[in-house]
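Undergrad: Okay, predicted coordinates and the sequence, questions at the end:
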Amino acid sequence: MSKPKVGFYWCASCGGCDEVVVDLGADILKVVGAVDIVFWPVAMDFKRSDVENLADGELAVSFINGAVRSSEQHEMVELLRRKSQLVVAFGSCAHTGGIPGLANLFDRRAMFEEAFFNVPSVVNEEKVVPLEEYKTPQGIVTLPNLWNTVKTLDQVIPVDYYLPGCPPPVSLVGEMFNKIVKGELPPRGSILAPDIALCDECPRKETKPDKMSQKEFKRPHEIMIDPEKCLLAQGLLCLGPITRKGCGAACTRVNMPCTGCMGPVSNVLDYGMKALSAVASLADANDEEEIEKILCKVVDPVGTFYRYSLPASLLHRHYQPVVQGEK
Amino acid sequence: MSTAKTPSSNGKPKVGVYVCHCGINIAGKVNVQETVDFAGTLPNVTVAREYKFMCSDPGQELIQKDLREGLVDRVVVASCSPLMHEPTFRRAMIAADANPFLFQMANIREHVSWVTPDKGAATEKSKALIAAAVARIVLHKPLEKTRVPVNSNALVVGGGIAGIHAALTLADAGRKVYLVEKEPTIGGHMAKFDKTFPTLDCSACILTPKMSAVRSHPNITLWTYSEVAGVEGFVGNFNVKVRRKPRYVKEDLCVGCYECVEACVFKKGVTKDEFNVGLSKRRPIYIPFPQATPLVAVIDPESCVQIKRNKCKKTCVDACERGAIDFDQKEEIKEVEVGAIILATGFKTFDARRISRYGYGKYPNIYTSLEVERMVNAAGPTGGEVHLKNGEKPRTVGIVHCVGSRDSRTNAYCSRVCCMYSLKLAHLIKERTGAEVYNFYIDMRTPGKGYEEFYEKLLKENVHFIRGRVAEISDWATIPEEEGKLVIRAEDTLVGAVRRIPVDMVVLSVGLEPHDDADDVRRKFNISCSHEGWFLERHPKLAPVSTFTDGVFLAGACQGPKDIPDSVAQAGAAAAEALALIDKGYVELEPNTAYVQEEFCSGCKTCVALCPYSAISFNVEKNISSVNGALCKGCGTCVAACPSGALQQNLFTDEQILHEIEGVISYV
């Protein structure tokens, strides 16, 4: 019997999610022993036509990382969806939009202006910006359309499983392959990580005081961090209480507050809103002025609370006027 | 008309929707039939009916019949606010052997028909609210109320006539009462009055026996010179902290003999005497008045040189044979458990300086009514004599009504007592001085037993009445007769002319206002205030002494201006309500409490310190939070804060709320 075929693909992402597959180390041999990798542009020389030539549903699983923000990515994920029995949204960007999703704070024109005119290191006197079509003497060259809005994978195609994390923890990646191979996957739509917040596995949990409220929020460079004590109790904005566990508390173990890459637990619909509401309730003050003083110390609230999930927000861009010809 | 489908029996929820006309309150704006027809089309709705008054017996019977016949198992009533009739319909559900929490109200009166003139919009909004209620009720689960015992002690805050009466009523019924008063003595405003209207009883004669009764009552613990520092807990089980300020005189040793007061190094008064509203001065060690209760001296730390500068001959200490004076006394915090609380914190009088055109504080012979009350009091600073600053008797006196009342620039409300006490003062001044007395009034308001008759009596006593609001009081004379006099300028609206009345003395009948610290007190007891600052009763007509916080009741003028009979009646009512609560022995707790879904709790402790009722504790063994359902008031603070969504609240689960929102949105 031939081995099941799988594919990897990347959209708007940094490549870290592909890297983590390699990080499996020797275990990757087991993966390769169990499945045939028939598509993995970042690692091997496959072409789009290799996918197109597959029969519909011929791929057992596609692992797609990155958010979706261009016509090309859209075509590719639709193609992969058609060819795959299962699609796994792999990593934060595919799951909830990730860092590229923060582009949704702006529109495309504003981003182009920033990137091609305003960045101090850019010299662009002729104000050249990328065009989708350009006539050259040799013929017409084209670029994919860059969307006005960054989307999560499941906003574009149906997704069967989610593997959260930026990148997903190696242990969870290994576990996922095991489950796939053994046919022990949970019900479709599941997130392939434990459904409880990070504090549960954080080694600092025991040091939490009963009163978690804070008079001041601090940033890691502003204090000498106690290596044992709960980071939130030290005034650092650790998002561990709001974030799904499964990473083994990788950051908090090394004195870095959790930034929330694993996303929310299943009871929470909107990570950023929940984070905002939880953190705001930690402000140890009763009058508005004092509350404002405490919360003003949260630098870049959107970037803090929605660092990995702006496109997945419930309210996000629901009333954004549609710009002609752009998605 | 109604639409009834055949009951489905496959375990699917069967929702009954009942739309109330509320006479024309709702039906005048909302097209009820159209709304019912719409409700009949909603998923899971098996019965949709309308009725003129759903809260009436036949209305409730409609619901009960459908429940008994198995046509419905969940009920949505579209009518008024849940505050109004949720208990009514829940009781109706119980009577039909259904769980009362499989019930939801859609408020189409206060939220719809009363707030729009637009009939079309009212009908559409009603439909949306009904769709929301139907969407959420399919997720309701049967819930049970829990019972907790009630502590049989009571706390009364404020020792004026209202507080005294409430405390005595409760104590006579055999309940232990803690009476807390911030002044060194109980008695309040009533202790300052000479006579009471309209009977002209001696105020002290009828009040002081009640004050002594408080002092000697075995069931009353009296804490004067004390304030409530904090309140925790809930109906039936309040934990109250009382701050007892040091009076530097041991209450159990002092017998009120005045030896210390006489012996004070200050031979004359040095500080404004609060009891005489500043008309006289008192010494640093003093007894507010001879019938003060408790009759115990108090030392004012602001003016006592021993306390301020630690150097005094301490003649008071030598004078006290019982060794009651104790300069080392410290503030004390007492903690008590009570089942019910009665607030009777009273009022303050309007500061006449705020109306500069009346010249109070500028011209010497302009007094407030409270100052004149003290003046006409035989035990007051002038021994009952009414005289001017130069010692002469006034020959003409003007009494100005409604100072600070019935005026949108100060207080729009009528202070209710000023007309009557002005008449009383007019009578007393005339009696004491034989002066010509002029009353300047807007309307004479004398409703009350014997009040109008008292007015009639005054009319016959040759007191002058000028109907018109006073424009100005000045010493600006335009004719020789006005020289050296205060000139009251007012439009006499009955004559239709502006008049200038020269008088020797003016009495400003100041209105009643909430205390400056009413808002702090309100927060402490977790009750509401009306926009004027009076404590808000639960219902203006049907629950006038209850508040929105169960177990906290109101008595006297803290709820709004009141005369003595009304204050006493209300104090009795508050005591009866408190007794009803205490004697029932238990309170039923609403099951809309928060609970922890243990498998989702990561033990982050975000919630623990947030709970305003200290209902959340951390279970160290399981490493998760847990909620004490008896303490939880269902405020939802922890639920909103829980970063994991592990905390949910009965009747307000995320799912229920989202369904409700979707119900509205899907209709819109």
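TA: Yep, that arrived. Numbers count the residues shown, from 1 in each chain, chains lettered A, B, ... in the order given.
Undergrad: Could you list the domains of the chain?
TA: You didn't say which chain, so I picked chain A. Chain A breaks down into these domains under automatic domain parsing: A:5-99+A:148-182, A:107-147, A:198-312.
Undergrad: Wait, chain B was what I had in mind.
TA: Domains of chain B are assigned by automatic domain parsing as B:2-144, B:146-245+B:331-347+B:515-585, B:259-319, B:350-513, B:594-649.
Undergrad: Let me have those domains in a markdown table, adding mean pLDDT as columns.
TA: Written out in a markdown table, the entries for those read as follows (pLDDT from 0 to 100):
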| stretch | mean pLDDT |
| --- | --- |
| domain B:2-144 | 93 |
| domain B:146-245+B:331-347+B:515-585 | 96 |
| domain B:259-319 | 94 |
| domain B:350-513 | 96 |
| domain B:594-649 | 92 |
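Undergrad: Let me know which of these is the nearest to chain A.
TA: The minimum distance between chain A and the domains of chain B falls on domain B:594-649, with 2.8 Å, by CB to the nearest CB. No exception for glycine: its C-beta is placed from N, CA and C like everyone else's.
Undergrad: Ends of that closest one, what's the gap?
TA: 4 Å (CA to CA, to the nearest Å).
Undergrad: next one: stretch A:106-116
TA: In stretch A:106-116, first residue to last residue: 15 Å (CA to CA).
Undergrad: Can you pull out the residues in contact with that stretch?
TA: Defining contact as CB atoms under 8 Å, 6 or more residues apart in numbering or on different chains, one finds that stretch A:106-116 is touched by A:103, A:122, A:124, A:127-130, A:146-148, A:323, A:326.
Undergrad: Filter the residues you listed down to the ones in helices?
TA: Counting by DSSP state H, the contacts of stretch A:106-116 place none of their members in helices.
Undergrad: Any of those buried? List them.
TA: Burial by neighbour count, judged by 16 or more other CB atoms under 10 Å in any protein chain shown, picks out A:103, A:146-148 from the contacts of stretch A:106-116.
Undergrad: what's in contact with stretch A:308-320?
TA: Under the criterion CB under 8 Å, 6+ apart, residues A:67, A:92-93, A:95-99, A:101-102, A:104-105, A:149-152, A:155, A:166, A:259-261, A:263-264, A:269-273, A:302, A:306 lie in contact with stretch A:308-320.
Undergrad: Quick check: which of those residues are also close to chain B?
TA: Near chain B, taking CB under 8 Å from any CB of the partner chain as the test, the members of the contacts of stretch A:308-320 found are A:264, A:269.
Undergrad: Can you flag which of the contacts of stretch A:308-320 belong to strands?
TA: Here DSSP state E is the test, and the contacts of stretch A:308-320 give A:149-151 as lying in strands.
Undergrad: Just the buried subset of those, please.
TA: The neighbour count (16+ other CB under 10 Å) marks A:149-151 as buried among the ones in strands among the contacts of stretch A:308-320.
Undergrad: For the longest helix along chain B, what is the distance to the chain centroid?
TA: Among the elements of type helix in chain B, defined by DSSP H, the one spanning the most residues is helix B:564-584. The chain centre lies 13 Å from the centre of helix B:564-584; the measure is CA atoms, centre = their mean, to the nearest Å.
Undergrad: Which elements pack onto that helix?
TA: Contact here means 3 or more CB pairs under 8 Å, 6 or more residues apart in numbering or on different chains; DSSP states H and E; on that basis helix B:564-584 packs against helix B:161-172, strand B:340-343, strand B:552-554.
Undergrad: What's the first helix or strand after it?
TA: Scanning forward in sequence from helix B:564-584, with DSSP states H and E defining helices and strands, the next element found is strand B:586-589.
Undergrad: Show me what that next one is packed against.
TA: Taking 3+ CB pairs under 8 Å, 6+ apart as the contact cut, strand B:586-589 packs with strand B:146-149.
Undergrad: need the residues of chain B near chain A, please.
TA: Remark: the part of chain B in contact with chain A comprises B:597, B:599-606, B:608-610, B:618, B:623, B:637, B:640-646, B:654, B:658, using CB under 8 Å from any CB.
Undergrad: Quick one: name the residues of chain A near chain B.
TA: So far as CB under 8 Å from any CB goes, chain A lies against chain B at A:195-200, A:205, A:208-213, A:232, A:240-242, A:245, A:264-265, A:267-269, A:274-275, A:277-278, A:281-282.
Undergrad: at 6 Å instead, please
TA: A:196-197, A:199-200, A:208, A:210-213, A:241-242, A:265, A:267-268, A:274, A:277-278, A:281 (CB under 6 Å from any CB of the partner chain).
Undergrad: Buried ones only from the contacts of stretch A:308-320, please, as a ChimeraX command.
TA: This is the ChimeraX syntax for the buried subset of the contacts of stretch A:308-320, where burial follows 16+ other CB under 10 Å:
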select /A:67,92,93,95,96,97,98,99,101,102,104,149,150,151,152,166,259,260,261,263,264,270,271,272,273,306
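Undergrad: picking up where we left off before, can I get the domains of chain A in JSON lines with distance to B:N439?
TA: Below are the domains of chain A laid out as JSON lines (distance: least, CB to CB, whole Å):
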{"stretch": "domain A:5-99+A:148-182", "distance to B:N439": "76"}
{"stretch": "domain A:107-147", "distance to B:N439": "74"}
{"stretch": "domain A:198-312", "distance to B:N439": "47"}
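Undergrad: Between those, which one is closest to B:K562.
TA: Set against B:K562 and scored by CB to CB, those come closest in domain A:198-312, at 32.6 Å.
Undergrad: tell me the mean pLDDT over that closest one?
TA: Predicted confidence along domain A:198-312 averages 94 (mean pLDDT).
Undergrad: coming back round to it: ok and the longest helix of chain B relative to helix B:161-172, angle-wise?
TA: For helix B:564-584 against helix B:161-172, the angle between stretch directions is 30 degrees (axes from the mean of the first three to the mean of the last three CA atoms, to 10 degrees).
Undergrad: Residues in a beta bridge with the residue most central in space within chain B, which ones?
TA: Central residue check for chain B by CA atoms, centre = their mean: the C-alpha nearest the mean position is that of B:F535, 3.0 Å away. With DSSP bridges applied, the residues forming beta bridges to B:F535 are B:C529.
Undergrad: hang on, it packs against B:L554?
TA: Yes: using CB atoms under 6 Å, B:F535 makes contact with B:L554 at a distance of 5.3 Å.
Undergrad: need the strands for the stretch 101-250 of chain B, in chain order.
TA: If you assign secondary structure with DSSP state E, counting those that start in this stretch, the strands in the stretch 101-250 of chain B sit at B:103-107, B:146-149, B:154-157, B:177-180, B:195-196, B:201-202, B:220-223, B:226-234, B:237-244.
Undergrad: now the stretch 1-150 of chain A, which segments are flagged as low pLDDT?
TA: Judged against pLDDT under 70, the low-scoring parts of the stretch 1-150 of chain A cover residues A:1.
Undergrad: try it again with 90
TA: Filtered on pLDDT under 90, the stretch 1-150 of chain A yields the residue ranges A:1-3, A:25, A:27-28, A:30-32, A:44, A:107-108, A:129.
Undergrad: quick revisit: just tell me which of the domains of chain B ends up closest to A:E58.
TA: Checking the domains of chain B against A:E58 by CB to CB gives domain B:594-649 as the closest, at 39.1 Å.
Undergrad: Which positions in stretch B:628-637 come out as buried?
TA: For stretch B:628-637, a neighbour-count test (16+ other CB under 10 Å) marks B:629-635, B:637 as buried.
Undergrad: Distance from it to the middle of the chain?
TA: If you compare the mean C-alpha spot of stretch B:628-637 with that of the full chain, they lie 25 Å apart, counting by CA atoms, centre = their mean.
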